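J.: Curious how this folds, go ahead:
(3 chains)
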Amino acid sequence: MPELPEVETIRRDLDREIAGRTIDRVVATGRSIRRHSDADEFAQALLGRSIVKIRRRGKYLLVALTGGATLVVHLGMSGQLLVVGTGKPSRQHTHVVVGFGPECELRFVDPRTFGEMFVSFSQNPELPELAHLGIDALDELTSASQLGKLLHARRTKLKALLMDQRFLAGIGNLYVDEILFAARLRFDRSSDTLTPAEVRRLYRALTTTLRAAIDHRGSSLADEQYRDVLGAIGDYQHHHQVYGREGEACPRCRRAIVRVKAAGRSTFLCTRCQS
DNA sequence: CGCGTCGCCTGTGGGC
DNA sequence: TGCCCACAGGCGACGC
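T.: Numbering: from 1, shown residues only, chains lettered A, B, ... in the order given. Below is the predicted model:
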């Protein structure tokens, strides 16, 4: 569930909370560090390094460390990164703890274990481990004409394409429905059929929806699975137009919002406003 | 290439 | 009350 707005919220918080701190202990268990041979090797890659800054690429967090290493974090479905006081009782499913002296530590909690953490030693800031990612939906998508070229080079259903991280990085099942509603486009429109006006609408919808969601610190659904690094929930769920609102009135035309399955995922839309 | 489906994983909630 | 199962979905691997 954490998508670009949630990851960006976490990035900003982390930059404030842990930049400059030095790692003096690492405890890792479970499957979250599966790219490493064992917990000891993962710990040795981190120990003694300091946090330089935190970047984001799509749904990935890149924690730049001294000595040219990068701690890469993907939250998957249920991952949380929490900055807590050292010694506070630890939650179930805490897979990695990165300690910064006596005051605080960074904890990676992930019940469903779809997330992961690994250390990259690539000198190139474009990490080879993330080479599969397309351009970032916010930072690297800068014009409607650029989006139009990308869309017209493919002949794929819009929702699947916008969610494909190799095409555009950062958008998942929640925000794609909000973006397509704001753009008044159906999920199953073929990407090569969009008119210039529709491409412009989609570009504006992408930009404004993602920015608004970041301004509201992301979306926390009923399970409140998404939390920021201090454990607070987001606020953007109160601004959702269609996601999770099956049967409610469309904010534009008042017709009931419907829910269908597309690409195996729940999809919410207004069949009158979106075409 | 496009597109649908499955499996990974745990917590939750509806139905019986 | 308790049990089973569907569902939630990011992502990679398949198969057609």
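
J.: Tell me where the stretch 101-250 of chain A has strands.
T.: A:104-109, A:116-120, A:135-136, A:168-169 (DSSP state E, counting those that start in this stretch).

J.: Columns distance to residue A:145 and mean pLDDT on top of the ones you listed, output as TSV?
T.: C-beta coordinates here come from the backbone N, C-alpha and C atoms, glycine included. Formatted as TSV, the strands of the stretch 101-250 of chain A follow (distance: least, Cβ to Cβ, whole Å; pLDDT from 0 to 100):
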stretch	distance to residue A:145	mean pLDDT
strand A:104-109	40	96
strand A:116-120	33	96
strand A:135-136	14	96
strand A:168-169	15	96
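
J.: Any buried residues in stretch A:13-25, and which?
T.: Residues of stretch A:13-25 classed as buried: A:13, A:14, A:17, A:18, A:21, A:23 (neighbour count, 16 or more other Cβ atoms under 10 Å).

J.: so of those residues, which ones are in helices?
T.: A:13, A:14, A:17, A:18 (DSSP state H).

J.: so what's residue A:100 up against?
T.: Residues in contact with residue A:100 (Cβ atoms under 8 Å, 6 or more residues apart in numbering) are A:18, A:21, A:22, A:23, A:24, A:106.

J.: go again using 7 Å as the cut-off
T.: Contact analysis of residue A:100 by Cβ atoms under 7 Å, 6 or more residues apart in numbering lists A:18, A:21, A:22, A:23, A:24.

J.: Which residues of the stretch 101-250 of chain A lie near DNA strand C?
T.: Residues of the stretch 101-250 of chain A lying near DNA strand C by Cβ under 7 Å from any atom of the strand: A:112, A:114, A:132, A:163, A:165, A:172, A:173, A:174.

J.: For the longest helix that chain A contains, which outside residues touch it?
T.: Secondary structure of chain A per DSSP H: the longest helix is helix A:196-215. Outside helix A:196-215, the residues that touch it by Cβ under 7 Å, 6+ apart are A:4-5, A:8-9, A:137-138, A:141, A:144, A:147-148, A:151, A:175, A:178-179, A:182-185, A:194, A:219, A:236, A:239.

J.: if we go to 6 Å?
T.: A:4, A:5, A:8, A:138, A:144, A:147, A:148, A:178, A:179, A:182, A:183, A:236 (Cβ atoms under 6 Å, 6 or more residues apart in numbering).

J.: What of stretch A:118-137?
T.: A:4, A:35, A:45, A:57-58, A:68-72, A:141, A:165-171.

J.: so which of those are also by DNA strand B?
T.: Restricting these to those touching DNA strand B (Cβ under 7 Å from any atom of the strand) yields no residues.
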